[in-house]
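Asker: quick one, fold the following:
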Amino acid sequence: MDQAATQLLEKILGGQQAPTLSPLAVRLVDLASDENASIQDLTRIIEQDPGMSARLLMLANSPAFRVTEEEVTNLQRAVVFLGLREVRIMALGISLRHTLPLQKGDPQFYQFWRMSLHRAALARLLAQRLGLDRAEDLFVAGLLLELGLPLMMHALGPGQTDTFVGVLAGLSAQLEWERKNFGLDHRMVGAAALQKWGLPKLLVRTQKHLRKEDAEAPIELRVVDFARRLAEALFGDNATLTEVHRLARKWFGLLDDDINLIVSEALTIVGEAAQAMDLELDQQADLLAVMEKANQALARLSQQVAPHVRLAAGVGGETRRLQEETVVNTLEAVAHEIRNPLMSVGGFARRLAKLLESGGELQRYAEVIINEAGRLDDVLAEMTNLVKPFEPHLEPLDLSELIGRVCDARPGGGPKIKKHLGGNPVILRADRHGVEEMVGLMLDYGTHLACRGGGSVHVHLAGNGTGAVMTIFGAGASPESEGPLAERSFGPEMGMAKARRIVEAHGGLVEVSAGPKGGGFVLSARLPRQADNA
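Answerer: Numbering: from 1, shown residues only. So this is what the prediction gives:
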């Protein structure tokens, strides 16, 4: 550490304005190191602060910490139920809340304490899930993990924080900015402050900045750092939910459902801890922020899938045909890569929905995410199904009768379907169920394009000595005009990919193009005549 950094650290912790623990907190620290301390000793100290006494009673009666159905009405009984170590650690955390130079009215006050409380709750719940003995200590470790940030920001002069990346920017970005500008970072400040105050060594050790590859670091450090990453994924600017799910499997062997349950429980109980610490959180706003994160994750997954769907479908101006082995390998890889994070987001949204009042705006938002996740999961299932070879079972079919029947069975409400099938039967040997599915899928895509541009869908059939051609056309949007997400509906495009495979299994060809003058669409399926012994 250079001289300027040393001087700044001395200014933060050694000056007249340096933060100090209250006399009550100092006595609690001393008591924490006394192996002979009793419940009565702890109770007598806490009783000297009526505000702290009231908040600890509130904690003892909250769903997050309650261990009995009976209401706890006196402090000593609260200490008995909560346990000696948890009470003294929690009391210490409450007193430190008033030590930090970050008060109500500060624009960053809410962001800092929202992140801190959720991080603390996540650390405690994760520790309990892993069967660790020191879950209460890790709650406070999570709560105080970034205490060096407000201490450092408070000591800097005018203009020195103008380019700060922000409370929600993520730890790595914050530390990089601090080291570049001042030669030290807020984790160094936090560790020094905790040591100066004589707080437990565990709290000091958790100030270490872990990286993803630190899978062998002490379990307590990994728990607190993972809670930090998860809180950033929920409320920060950059981290994603899928990243922390992968890290949970690497560091702890936990499944997506385990993490989803921990998050939903934390969102439920954090309000109780906020009340006990005289902090006001807007839990509806917090839930909305979390759901927006889930929605963003879902959008990223959709963007990953979209180009592969379009390439397999052969639409959007794609003219070259990929080798089948390449298509199969690509779709299998995409389905495998996307399915786990998709299940994470869907399961997460379902758990959030259970926390909300039925019929409210947030409930509806959660249901939109759940439905969208289910739709994307169906797309992945279709992608998996698409790579399976189609083997037609040939029998004589009247294509005119079959296509007419499929058209007539279409549900109402969409563009009108106009049939141009001629008056004579068109007999071919083909797979009945496959051709029915193919016609329905191509009608789906034609209807999709017609709805975007307005107009009817025309179905034309022509037969000759070499086979038959079904053409579906209309004055709607052209396939090339579709956006990258096909209006967030992969179904029609994926259907065209499946229709293509059915036709090609018959030795035929599917073509997709714009109309003759660049507007509208033309979809055609050519089916050759099959020999009687085929």
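
Asker: doesn't A215 lie inside a strand?
Answerer: No - assigned with DSSP: H, G, I helix; E, B strand; the rest coil, A215 falls outside any strand and is coil.

Asker: around it, how many other residues sit close by?
Answerer: Neighbour count for A215, taken as other CB atoms under 10 Å: 12. For every residue, glycine as well, the C-beta is placed using N, CA and C.

Asker: now it. Nearest residue, chain neighbours left out?
Answerer: W251 (5.7 Å; CB to CB, 6 or more residues apart in numbering).

Asker: which ones are touching the one you found?
Answerer: W251 makes contact with A215, R222, F226 under the criterion CB atoms under 8 Å, 6 or more residues apart in numbering.

Asker: show the pLDDT at the first one.
Answerer: The reference is to A215. pLDDT for A215: 88.

Asker: swap in the last one?
Answerer: Predicted confidence (pLDDT) at F226: the value is 96.

Asker: and it, how far from P425?
Answerer: Using CB to CB, to the nearest Å, F226 is found at 68 Å from P425.

Asker: show me which of those two is the more surrounded one.
Answerer: Using other CB under 10 Å as the criterion, F226 and P425 rank with F226 on top: 23 against 12.

Asker: residue boundaries of the helices in the stretch 51-200 of the chain?
Answerer: For the stretch 51-200 of the chain, the helices defined by DSSP state H, counting those that start in this stretch cover 75-82, 84-97, 109-129, 135-143, 148-155, 171-182, 186-196.

Asker: wait, which of these is closest to A475?
Answerer: Among the helices of the stretch 51-200 of the chain, helix 171-182 comes nearest to A475, with 51.4 Å by CB to CB.

Asker: and the closest one, how far from the chain's centre?
Answerer: 26 Å (CA atoms, centre = their mean, to the nearest Å).

Asker: quick one: contacts of that helix?
Answerer: Contacts of helix 171-182 (CB under 8 Å, 6+ apart): 4-5, 8, 146, 149, 152, 156, 160, 163-165, 184-187, 209, 228, 232, 238.

Asker: Three-state assignment for G463, please.
Answerer: G463 - assigned by three-state DSSP - is strand.

Asker: skipping its backbone neighbours, what lies nearest it in space?
Answerer: Excluding its sequence neighbours, the residue lying closest to G463 (CB to CB, 6+ apart) is V426, at 3.7 Å.

Asker: could you measure from that neighbour over to R228?
Answerer: Distance from V426 to R228, by CB to CB: 67 Å.

Asker: let me see the contact set for the residue nearest to G463.
Answerer: D398, L399, S400, L461, G463, A468.

Asker: quick check on it: phi, psi?
Answerer: V426 adopts backbone torsions of phi -120, psi 100, taken as degrees, to the nearest 10.

Asker: cool, G474 as well?
Answerer: Torsion angles, degrees, to the nearest 10, at G474: phi -170, psi 170.

Asker: also L210?
Answerer: phi -90, psi 150.

Asker: thought it was touching R222?
Answerer: Yes - L210 is within contact range of R222, at 6.6 Å (criterion: CB atoms under 8 Å).

Asker: count residues in the vicinity of E10, would you?
Answerer: By other CB under 10 Å, the residues close to E10 number 13.

Asker: quickly find the element holding it.
Answerer: helix 3-14 (DSSP states H and E).

Asker: T471 now?
Answerer: T471 belongs to strand 467-474 when assigned by DSSP H and E.

Asker: quick check: next helix or strand after that strand?
Answerer: That would be, after strand 467-474 and using DSSP H and E, helix 491-505.

Asker: now the helix holding E10: buried residues?
Answerer: A5, L8, L9, I12, L13 (16 or more other CB atoms under 10 Å).

Asker: and what of stretch 145-164?
Answerer: Quick answer for stretch 145-164 (16+ other CB under 10 Å): 145-156, 164.

Asker: follow-up on the earlier one: for G474, see how far away the residue nearest to G463 is.
Answerer: Using CB to CB, one gets 22 Å for the distance from V426 to G474.

Asker: and if you look at G271?
Answerer: 55 Å.

Asker: check E213 too.
Answerer: Remark: distance between E213 and G474 (CB to CB) = 55 Å.

Asker: which one of the two has more residues nearby?
Answerer: Ranked by neighbour count (other CB under 10 Å), E213 and G474 place G474 first, with 26 against 8.

Asker: how close does the more buried one sit to A514?
Answerer: Per CB to CB, G474 is found 11 Å from A514.

Asker: repeat that for A273.
Answerer: 60 Å.

Asker: sec struct for the residue nearest to A215, please.
Answerer: Assignment for W251 (three-state DSSP): helix.

Asker: please pull out the lowest mean pLDDT helix or strand from this structure.
Answerer: Lowest on mean pLDDT, DSSP states H and E among the helices and strands of the chain sits helix 324-355, with a mean of 67.

Asker: right, and the helix or strand after that helix?
Answerer: helix 361-386.

Asker: neighbours of the spatially closest residue to L234 that is not a sequence neighbour, how many?
Answerer: Distance criterion CB to CB, 6+ apart; nearest residue to L234, sequence neighbours excluded, is V290 at 5.1 Å. For V290, the count of nearby residues is 24 (other CB under 10 Å).
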